[in-house]
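1. Below: sequence and its predicted model.
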Amino acid sequence: MRETAERLLIAAGILLLISGALFGVMGQWLLAALLWTGAFGVAVAAMNFSRQ
């Protein structure tokens, strides 16, 4: 169960990074920065979740 949750967190982080890159290409820098910040938060949560 923990492994599944960790994989879902990693997948969510990757999707946030991809969408942030797309918004960055379109010139929507504020949205891109918010999405990248969210992706960083999800990545930290995934690493913290795997250590417990």
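-> Cool, the structure landed.
2. what about the longest helix in this protein?
-> Assignment by DSSP state H gives helix 2-26 as the longest helix of the chain.
3. Helix 2-26 and the helix or strand that comes right after that helix, what's the angle between them?
-> Per DSSP states H and E, the first helix or strand lying C-terminal to helix 2-26 is helix 29-51. Comparing the axes of helix 29-51 and helix 2-26 via axes from the mean of the first three to the mean of the last three Cα atoms, to 10 degrees yields an angle of 160 degrees.
4. now what about helix 29-51, what contacts it?
-> For helix 29-51, contacts defined as Cβ atoms under 8 Å, 6 or more residues apart in numbering pick out 2, 5-6, 9-10, 12-14, 16-17, 19-21, 23-24. Placement of C-beta: from N, CA and C, glycine included.
5. Go ahead and produce CSV holding the CA coordinates of that helix.
-> Extracted C-alpha coordinates of helix 29-51, given in CSV (Å, rounded to 0.1, in the frame of the first residue of the first chain):
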residue,chain,number,x,y,z
TRP,A,29,5.3,32.3,-15.9
LEU,A,30,3.2,32.8,-12.8
LEU,A,31,1.2,29.6,-13.4
ALA,A,32,4.4,27.7,-14.3
ALA,A,33,6.1,28.9,-11.1
LEU,A,34,3.1,27.8,-9.1
LEU,A,35,3.0,24.4,-10.7
TRP,A,36,6.7,23.9,-10.2
THR,A,37,6.4,24.8,-6.6
GLY,A,38,3.6,22.3,-6.2
ALA,A,39,5.7,19.6,-8.0
PHE,A,40,8.6,20.3,-5.6
GLY,A,41,6.2,19.9,-2.6
VAL,A,42,4.8,16.6,-3.9
ALA,A,43,8.4,15.4,-4.5
VAL,A,44,9.3,16.3,-0.9
ALA,A,45,6.2,14.5,0.3
ALA,A,46,7.1,11.4,-1.7
MET,A,47,10.6,11.3,-0.3
ASN,A,48,9.3,11.9,3.2
PHE,A,49,6.6,9.2,2.8
SER,A,50,9.1,6.6,1.6
ARG,A,51,11.3,7.2,4.7
